[in-house]
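Engineer: 3D, please:
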Amino acid sequence: MTIRVVVADDQALVRRGFTMILRIHDDIEVVAEAGTGLEAIEAARRQRPDVVLMDIRMPEMDGLEATSLILREADWPVRVLILTTFDPDEYVYEALRAGASAFVLKDIPPEQLAIAVRTVAEGGALLAPSITRRLIDQFAEHRVVSAAVSGRVERLTEREREVVIAVARGASNSEIAEQLFIGAATVKSHVSSILAKLGLRDRIQIVIFAYESGLVEAGDHDVGH
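Structural biologist: Numbering: from 1, shown residues only. The predicted model follows:
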C-alpha cells in the first residue's frame, strides 16, 4: 500500500529536499507540497494524505495551528509528523497536544525519514529521546490532575493501566508482553482497547495521558527507546 504524503515547509529548498528523499521509496508518494500553514490545510483537504510532514514556523499560520485544524477536520485517518530545526520545550508540548504523532529534528539522517513516515502511517509514534525528556519535565512542572482525567482513568482495567504505564516508559509491545507475561497479540488488543476507551489517537497520546493523569510520575521513565 502506498503512503500518501504532504510536505509542508516554508523553505522551498528544504521542502524539495524532503520530497526528493521520500520519492526514491516505492511505497511513499508525495502528493503535494505546501509553503504555509494555510496551504498545508488546503493540501490536506484536497489530497486526503496518510501523513503530513509539518514544519512549525511558517507564515500565515504556524504548523501547530495547522496540525490542530487538519486533525480536527479530517474524516479520514491522517497523521502529522513534525519536522523542525527548533527544539524548545513549548513547541514539543503544543505539537503533541495539537495531535501530532511524531516530533523529529530536521537533522534526521535521510534514510531515517522514510522510516519515520512509515512508523507514523502505521499508527506508531516517534520522539527523539532528548524531546521525550523535555516533554516529561514539562508534565512534571505543569501537571494538575482534573476530575475529568481521573474519571477517564477509572474506565481502565488494572491490566490496561499497567499497559499505559509501560507505554509511557517507552516499552514496545514485545517488551510489554515480556514484562507482564502475556502474549504480544494480547498487548496489541489492550492498546486498542485503551485508545478506544480514552478516545485517543495513538501511543503518543497514551504517553501524554499517563503523565497528565498521574499514572506515571516524572523521573519514573526510561527514554532509551
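
Engineer: Domain map for this protein?
Structural biologist: 3-137, 144-213 (the TED database).

Engineer: So which of the ones you listed is the most surrounded?
Structural biologist: domain 3-137 (a mean of 19; mean count of other C-beta atoms under 10 Å). All C-beta spots, glycine's among them, are computed from the backbone N, C-alpha and C.

Engineer: who's in contact with the most centrally placed residue in the chain?
Structural biologist: The residue lying closest to the centre of the chain (C-alpha atoms, centre = their mean) is residue 101, at 1.3 Å. Each residue near residue 101 by C-beta atoms under 8 Å, 6 or more residues apart in numbering is listed here: 79, 80, 81, 120, 124, 125, 126, 201, 202, 204.

Engineer: which residues does residue 46 contact?
Structural biologist: Counting by C-beta under 8 Å, 6+ apart, residue 46 touches residue 32.

Engineer: Against residue 114, how distant is it?
Structural biologist: 24 Å (C-beta to C-beta, to the nearest Å).

Engineer: same check, this time on residue 195
Structural biologist: Residue 195 is 25 Å from residue 114, by C-beta to C-beta.

Engineer: same thing with residue 78?
Structural biologist: 18 Å.

Engineer: repeat for residue 108
Structural biologist: When residue 108 is compared with residue 114 (using C-beta to C-beta), they lie 10 Å apart.

Engineer: Now do the contacts for the closest residue to residue 77 other than its chain neighbours.
Structural biologist: Nearest residue to residue 77, sequence neighbours excluded (C-beta to C-beta, 6 or more residues apart in numbering): residue 50, at 7.3 Å. Shown in contact with residue 50 (C-beta under 8 Å, 6+ apart): 3, 4, 5, 77, 78, 79, 121.

Engineer: any chance of the residues you listed in JSON lines, plus secondary structure?
Structural biologist: Below are the contacts of residue 50 laid out as JSON lines (DSSP: H, G, I helix; E, B strand; the rest coil):
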{"residue": "3", "secondary structure": "strand"}
{"residue": "4", "secondary structure": "strand"}
{"residue": "5", "secondary structure": "strand"}
{"residue": "77", "secondary structure": "coil"}
{"residue": "78", "secondary structure": "coil"}
{"residue": "79", "secondary structure": "strand"}
{"residue": "121", "secondary structure": "helix"}
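
Engineer: In CSV, list these along with pLDDT and distance to residue 68.
Structural biologist: Output for these, formatted as CSV (pLDDT from 0 to 100; distance: C-beta to C-beta, whole Å):
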residue, pLDDT, distance to residue 68
3, 97, 22
4, 98, 21
5, 98, 19
77, 91, 17
78, 93, 13
79, 92, 14
121, 90, 20
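
Engineer: Tell me which two of the residues you listed sit farthest apart.
Structural biologist: The two members of the contacts of residue 50 with the most space between them (C-beta to C-beta) are 5 and 77, at 13.8 Å.

Engineer: All the strands of the chain, in order from the start?
Structural biologist: 3-8, 28-34, 51-54, 79-84, 102-105, 126-127 (DSSP state E).

Engineer: Thanks a lot, see you next time.
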